[in-house]
Structure formats: structure tokens, C-alpha cells
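1. Give me a model of this one.
(chains A, B and C)
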Amino acid sequence: MPIDYKKELNPAQLDAVMHERGPALVIAGAGSGKTRALVFRVARLVESGVPASSILLLTFTRRAANEMLTRAKTLLKRERFGVMGGTFHSVANLVLKSHAGLVGYPHGFVIIDRTDSEAVLKLLADELDLIKKRRSFPKKAALADIISRSVNTEKPIEEVLFRFYPLHEPFLGEIETLASAYAGYKVRQRFMDFDDLLTNMIRLLGENPEVRGQLGQRFKHILVDEYQDVNRLQANIVKLLGADHGNVMVVGDDSQSIYSFRGADFRNILEFPEIFPEARVIKLEENFRSTQPILDAANAIIHGAQRGYTKCLFTVREGGERPYLAVLPDEAAQSRFVADQVAGLISEGLKLPEIAVLFRAGFHSFDLEVELNRRGVPYVKHGGVRFVEAAHIKDLLAHLRLLVNPGDLISWHRALLLVERVGPKTVRRVLHALGESPSLEGFFGFVEKEGGKTPGLLNLAKLLGKLSTEKFTVSEMVGLVKRYYEPMLKAKFENHPKRLGELEYVEDWTAKYAGLREFLDEVALDPLETSGNNGSGEFLTISTVHSAKGLEWRAVFVISLLEGRFPSIRSMDDPDDLEEERRLLYVASTRAKEKLFFSYPVWVFDRGSGRAFAEPSRFLMELPPESVHLLEQRGHEQMFAEKVQARRDARFPPGTRVVHDILGTGVVVEVVTDDKVRVRFHDGSLRLLHLGYANLEPA
DNA sequence: ATAGGGATATTTTTT
DNA sequence: ATATCCCTAT
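-> Numbers count the residues shown, from 1 in each chain, chains lettered A, B, ... in the order given. Okay, here's the model as predicted:
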């Protein structure tokens, strides 16, 4: 029986679903059923005779793609239907696999994740002797971020430094050298990082019209979810894929762009009609998720945004309460408050899975987690440190990677350092002995010749020998590495039982993989879901705003949403910060169903001491008072002032003029060394000054 | 040369 | 939680 679209959808959704050919831009406010519209559109296309295999659905997370495809299949009552769906990265991976030679990888490639690329950068920086003795050369994480930002925004490194890393501007030359060394190294090692997947896809499509033509024939309908989160590269891919037929529908909400840190630019959604001039614009403004008071607050929040497709959310849900804004003096009070409120909601009859606590960064929940544990409240945490980034998982994977790619110096480094009586010097000697093209045989030869003194190396050689010469399933390989690694794990970590359990989990999890290579590729693109739960049965959800997509609750807490933190004390005057803050709060608020609690302070950490104190947020205070219930504000600002004074007194002798007064002046200070600070003034100028004393001299 | 301890710095968010 | 640096003991 065909689907009754008219009955299932409102007029705006129906419009999007029934749209025939040509480009379309669907501007969909939060909770307006955009996912539903996309799912129904996929079903509609298939039902009206479009071959499923000619539909391509692009999303940002694999989970989103799977969910949507599953829903579409359910609608169509089919087991499978061959619609291609996935992330930009996974689709690029698939396409590039069959055309690797055309982009300079004649022997194929392996995907390296962020951690690997940081390790490569460190290796190259050491090798090129860039670090020298000068202080404050950027850490590898910063280097990776700078280079990746430059690639993703298609902006020169100089501009990225000026904009985001003024502290590292003196190293412009070194970073540029490093960036080009990195690019060369990856090609030689047959590596592609996440950014390469996108740039090489663009190169492939741009330089090879015949490949683009084939793909245009293959994918006659392109649908893109969360288009506000695409960066320049991804926008380019959409443009190239749609160039031949123009059947491109993108869906998004310019107010919900939350990935600026990885180069996402909501201007791409604003500019879509320029790339596809024929584009129809369809707006979904009817919210099905939240009550009107929540939407009033959400509307008030986005009201201040400077540019965008103006929309005003309205709802079909009656009643509901205004959101609460609780101002609390410190983090412990915040945790107690949330736990108390949760207990209250439970006694009102809500179930734990109907309640969520959202926050910006994984570590914002640490204190709350302690409180929840103390009270025996079971929770599941989404976001934060990812599974594959845990040290023991990386150790395990390093050994497996050597089997797939013996040239992987990073993995050699990691695996060798674990061996008893092997340190940096020995690692260097081994790697030197392995030469230009390292191989397992080369390593075995080295061990035979020189491994007499270190039985650990012999064991490693035995393990790798066994794994490479005999036939094993992926699970069996994991098991063998696990057995070899177990003693080291016990020596290295206090909490080894938990970690060992996680290795066993990987062992089970890999049962579904036919090949090692397949497993490693997938684990790079789709790391196992983190779930730090502490019980069984029903859970409270605690999650970063970013990881919370697609979930709905009846009560939501938003904690520590705002954050100022050393070393670059973020300025609430910075328009970008305010914009980001607005978006996060908007996203959080429109995901609430009934009750919404904001509770903050902003956490400001003092270097070294770890002491934190709270700062009232100007932005939250700007919320129209009638849009929230304000709780517990008394005493807060005074407490803050006292803490600031105490910190000053502790750090500077009496009579000292303190420069880093972030409160009234809006001046931003970044500490360079113990006695030097870099100050950014209102006009944007930067100066390096000696810290703290009355005679401020340029350093 | 390496191990081990302790202090220190940094850490968002995702592919 | 992890990496890094600096120290001392082996």
C-alpha cells in the first residue's frame, strides 16, 4: 500500500518531499521534522520509480545515516533497498578506493586518524629540527589543528595563525615547512588523513570529468543533511557531484551550526542559492518537539544573530513551563542542584531515560558524575574521550597496524616503547636498522642479530611472526595481541581490570570483520561508541551538545554551557564566542520537550592551581527576563568579585598593577611564560608585555 | 640507557 | 586522561 504523504506530513514538509527535479534548499528550524522530511523524500523517490541505487544521502555522522536509512526502509516495508548513505568521509573513501591512482596513490592508501596525524607531525618536527631550543613551539595538537583548519577553510596558514593562534605567529615559517613536509610524508607512506579524503575527492572530481560524469550517472539524486555544518571542502563536493544534473536537496538550519572548530561555516548554507541559482527555498517552521515557552526562549536566543534565514518557530504543543535559569556559586553546588532536581523529577513520575544533562565539553560533567555515582544514579555518557583514543586501545591497534602496514613508523614507535628495557634510544636504533622501507622481516633480522639482551624484543618478534605467517580471524588476532599485551597493561595502569574488559569487548566486536584492513579502516572512520555507564537497566543521559543529536527528552539540564579557560581567556566580547554560545544554547533549548534548566557558572581555571571560579555570563543575563524563571541569583556576583580579588592578592605583590583584568576592560591576556604575557587590545593589536608590574615594558 | 616518580601542562566538540 | 619534562636510582 502506498504511503499517504498528505496524512503524514504538514504542507511545508510535503512540499519538500514532493519536490521533483532541480536544486532545493530546505531551511528547517529545530524540531521541525527535517529528518522526517528527508526520510519521506527518500521513500517517495524510491516509490515513484527512482532506482534506489541512484540516491545518495550525505550526513555528518554514520549514526545519522544509518538511522535515516533504517527509517526509510521501515516506511517502504523493505529489508534492503540499496540507497547509498554515509558521511562525506566514508563516501569519499569508497570513491577514492577505486580511483586512488588518479590522485597520486597508485598503491592504494590507509586512513590515519587525528592521533596518528599528530604523531606524524611530531615526528617530522623533530626530524626537521624545527623545535630548536626556542620556547613555546606549538604542541602537536595545535599544529594539527592549525594545518587542518587551513585545509578545511582553504585559507593560508598565516591567516589561521593570525585569527586563532596569535601566540604562534612567530613560527609561521616553521609551520609552513612542516605542513609541506607532512603533505609529502603522507603520500610516500600511502596515508590519507580525514582532510585528504575530502581534498582528494575534490581533486578527483575536478580533474577528471569522466569520473565526475560516471558519478553523476550513478547518483542522480543527492540529499544532504545538516548542511549548515558543511565546510568549504564539503560544499565543493556537493557542488561537483551535483554539477551535471542539479538534483541536490540540502537541509539545514543556519542557527544550528556547531562545528566551526572544524571549519564548518554556516555561510555555506546562505550561499547555496548562489552555487545552484535555480534553487527553490522551502522553510519548515512548525516545531513538533517543544512547548511554546521553550521556543520563546529559543527565539529570543537566535534573535541576536546577525545574519541568516529569519525564521520564527511556532509549535503545535500547548502549555508547558518557562525554562529555569539557576545561577549557582560553584561546580559542586551545580552538581548537587542537578542531582536534586533529577530526584525531584523522578518522584514526579518521570523515568531516567526521559531526562538529560547537556554540556559543551566532556570534562564538564566530571564533577556531576561523581555526584551521580555517590547517589547511585545510573547514567550513560555520550561524547568526551573516545574509545579508540584511550591509551590501551591505541596500544592494541598499533600492533595490528604493523601487520597491515609495516612502514607505519608511528605504530613501531608505540609498540617498541612498550617493551621492557626499550626506551627512545633503542627505538631509534631499531627504526634506523629498518631503513627506508621497514618490513617485519627487517625487524626479525634485527632481533636475531641484536635482540639477545632484550628478551622483550624477542617476544614482540614472535608475536608479529605468528600473526603474519598463520591464518587468523580478526578476533583471534586481537586475542593474541591481548595476551601478549596483558602484562604490560597491568604494569602500566592502575585500573587494568576495566581496561582489560574493554580489550575483550574489542575482541568480541571484531567478530564481524572479515579482514584486518577493513576493521582498521572502519575503526578510524567510525570509532566505537563511548558509553561510560555505571549500571544496568534505565539510564539518565548525560551528553555533550554535539553528541546529543536525534534524541528527545521531557526534561533537560544545560550545565556549564559557557566556559572561559586558561591559557587563552576567552572574551565574552568576542563576537564569534557569543555566536557559538548562542547556537549551543539554541540547540539545547529546542531539544527540550517540557522543562529546561540552564545552570551555570562559567568556569575560569587558574593556571596550575586548578582552582575554578564562576563568572556571570553577560549573554545569559541578556535573555529577556520574561523568558525564564530566574533561581538563586543572590550573592553570586559578590562571591565572584571576592574570588577575583583573592586570586590577585595571591599572585601579585601589593601595589602591582594587574594587566589581565578581564572583567571590566575586555582586554584579553595570554600568558606566554611565567613573566610575560601577550595582550590583545580592543583594536585587535597584540603586544608582548612583562606581567604584573607597574612599569609595563614591551618584552 | 632505562625505569619510575613527581610535577606540569593541556584537554571541547567530529570525521 | 595523557603526554611531557625533569629528576634520581639502577
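
2. just the helices in the stretch 451-600 of chain A please.
-> A:455-469, A:474-492, A:496-509, A:516-525, A:575-591 (DSSP state H, counting those that start in this stretch).

3. Next, format these as TSV and append distance to DNA strand C, mean pLDDT and mean neighbour count.
-> Every C-beta, even on glycine, is put in place using the N, C-alpha and C of the backbone. As requested, the helices of the stretch 451-600 of chain A are exported to TSV (distance: least, C-beta to the nearest atom of the strand, whole Å; pLDDT from 0 to 100; neighbours: other C-beta atoms under 10 Å):
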stretch	distance to DNA strand C	mean pLDDT	mean neighbour count
helix A:455-469	16	91	16
helix A:474-492	9	89	17
helix A:496-509	8	82	15
helix A:516-525	16	76	19
helix A:575-591	23	66	21
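
4. if we compare these, which one ends up closest to A:Leu418?
-> helix A:474-492 (5.1 Å; C-beta to C-beta).

5. Establish whether that closest one and DNA strand B are in contact.
-> Yes - using C-beta under 7 Å from any atom of the strand, helix A:474-492 comes into contact with DNA strand B via A:Ala491.

6. and that helix, how far out from the chain's middle?
-> Taking C-alpha atoms, centre = their mean, to the nearest Å, one finds helix A:474-492 lying 29 Å from the centre of the chain it belongs to.

7. how about the helices of the stretch 451-600 of chain A in JSON lines, adding distance to A:Gly423?
-> Formatted as JSON lines, those follow (distance: least, C-beta to C-beta, whole Å):
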{"stretch": "helix A:455-469", "distance to A:Gly423": "12"}
{"stretch": "helix A:474-492", "distance to A:Gly423": "14"}
{"stretch": "helix A:496-509", "distance to A:Gly423": "22"}
{"stretch": "helix A:516-525", "distance to A:Gly423": "27"}
{"stretch": "helix A:575-591", "distance to A:Gly423": "43"}
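
8. Could you find the closest non-adjacent residue to A:Ala28?
-> Of all residues not flanking A:Ala28 in the chain, A:Lys34 sits nearest, at 3.4 Å (C-beta to C-beta, 6 or more residues apart in numbering).

9. I'd guessed the one you found sits against A:Val26; true?
-> Yes - using C-beta atoms under 8 Å, A:Lys34 is in contact with A:Val26, at 6.5 Å.

10. shared neighbours, these two?
-> A:251-252, A:284 (C-beta atoms under 8 Å, 6 or more residues apart in numbering).

11. For PyMOL, write a command that selects the buried ones of those.
-> Filtering the shared contacts of A:Lys34 and A:Val26 down to the buried ones (16 or more other C-beta atoms under 10 Å) takes a single PyMOL command:
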select buried, chain A and resi 251+252+284
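
12. So which of the shared contacts of A:Lys34 and A:Val26 sit within strands?
-> A:251-252, A:284 (DSSP state E).

13. any idea which of those is closest to DNA strand B?
-> A:Gly252 (15.8 Å; C-beta to the nearest atom of the strand).

14. what does stretch A:75-83 rub up against?
-> A:3, A:39-40, A:42-43, A:46-47, A:51-53, A:55-57, A:69, A:72-73.

15. Counting neighbours, which of these comes out on top?
-> A:Val42 (27 neighbours; other C-beta atoms under 10 Å).

16. these two touch, right, that residue and A:Ala72?
-> Yes - counting by C-beta under 8 Å, A:Ala72 is a contact partner of A:Val42 at 4.3 Å.

17. what stretches of the stretch 101-250 of chain A score poorly on pLDDT?
-> Within the stretch 101-250 of chain A, the stretches falling below the threshold (pLDDT under 70) are A:129-136, A:166-167.

18. how close does the residue of the stretch 101-250 of chain A found nearest DNA strand B sit to A:Phe519?
-> In the stretch 101-250 of chain A, no residue comes nearer to DNA strand B than A:Phe194, which is 3.5 Å away by C-beta to the nearest atom of the strand. Separation of A:Phe194 from A:Phe519 (C-beta to C-beta, to the nearest Å): 18 Å.

19. Ok, A:Gly376 next?
-> 37 Å.

20. Likewise for A:His496?
-> As judged by C-beta to C-beta, A:His496 and A:Phe519 stand 24 Å apart.

21. List the contacts of A:Tyr182.
-> Applying C-beta under 8 Å, 6+ apart, the residues contacting A:Tyr182 are A:117, A:120-121, A:124, A:147.

22. host element of it?
-> If you go by DSSP states H and E, A:Tyr182 is part of helix A:172-188.

23. roughly how far is that helix from the heart of the chain?
-> 24 Å.

24. is that helix anywhere near DNA strand C?
-> No - with C-beta under 7 Å from any atom of the strand as the criterion, DNA strand C is not reached by helix A:172-188; the gap is at least 14.9 Å.

25. Settle this for me: A:Ala24 is touching A:Glu278, isn't it.
-> No - the pair A:Ala24 and A:Glu278 fails to qualify as a contact (C-beta under 8 Å) at a distance of 9.2 Å.

26. Please identify which of those two sits among more neighbours.
-> Neighbours per residue, other C-beta under 10 Å: of A:Ala24 and A:Glu278, the larger number sits with A:Ala24, 24 against 10.

27. Could you pull up the residues touching the more buried one?
-> Contacts for A:Ala24 (C-beta under 8 Å, 6+ apart) come out as A:16, A:248-250, A:279-282.

28. So in terms of bridging, what pairs with it?
-> A:Met249, A:Arg280 (DSSP bridges).

29. DNA strand C: which of the contacts of A:Ala24 is nearest?
-> The closest of those, once distances to DNA strand C are taken by C-beta to the nearest atom of the strand, is A:Val250, at 37.4 Å.

30. For the contacts of A:Ala24, I'd like a selection string for ChimeraX - just the buried members, please.
-> For the buried members of the contacts of A:Ala24, the matching ChimeraX selection, counting by 16+ other C-beta under 10 Å, is:
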select /A:16,248,249,250,279,280,282
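
31. re earlier: adding pLDDT, write the ones in strands among the shared contacts of A:Lys34 and A:Val26 out as TSV.
-> Listed next are those as TSV, based on pLDDT from 0 to 100:
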residue	pLDDT
A:Val251	91
A:Gly252	87
A:Leu284	86
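
32. So which of those would count as near DNA strand B as well?
-> Applying C-beta under 7 Å from any atom of the strand to those, none is adjacent to DNA strand B.

33. which one among these gets closest to DNA strand C?
-> The closest of these, once distances to DNA strand C are taken by C-beta to the nearest atom of the strand, is A:Gly252, at 33.8 Å.

34. Show me which residues of the stretch 401-550 of chain A sit near DNA strand B.
-> Residues of the stretch 401-550 of chain A found near DNA strand B (C-beta under 7 Å from any atom of the strand) are A:419-426, A:491, A:525-527, A:544, A:546-547.

35. So of those residues, which two are at opposite extremes in space?
-> A:Arg421 and A:His546 (43.0 Å).

36. More neighbours: those two, which one.
-> Between A:Arg421 and A:His546, counting by other C-beta under 10 Å, A:His546 is the more crowded of the two (18 against 10).

37. was I right about the more buried one contacting A:His382?
-> No - contact criterion C-beta under 8 Å: A:His546 and A:His382 do not qualify, at 9.0 Å.

38. Quick check on the residue of the stretch 451-600 of chain A found nearest DNA strand C: phi, psi?
-> Nearest to DNA strand C, among the residues of the stretch 451-600 of chain A, is A:Asn495, at 6.4 Å (C-beta to the nearest atom of the strand). When read as degrees, to the nearest 10, the backbone of A:Asn495 gives phi -90, psi 50.

39. Just the pLDDT for it.
-> We have a pLDDT of 73 for A:Asn495.

40. ok, now which ones touch it?
-> Counting by C-beta under 8 Å, 6+ apart, A:Asn495 has no contacts.

41. any idea how far it is from DNA strand B?
-> Using C-beta to the nearest atom of the strand, to the nearest Å, we find A:Asn495 at a distance of 15 Å from DNA strand B.

42. quick one: that residue and A:Thr87, what's the gap?
-> 33 Å.
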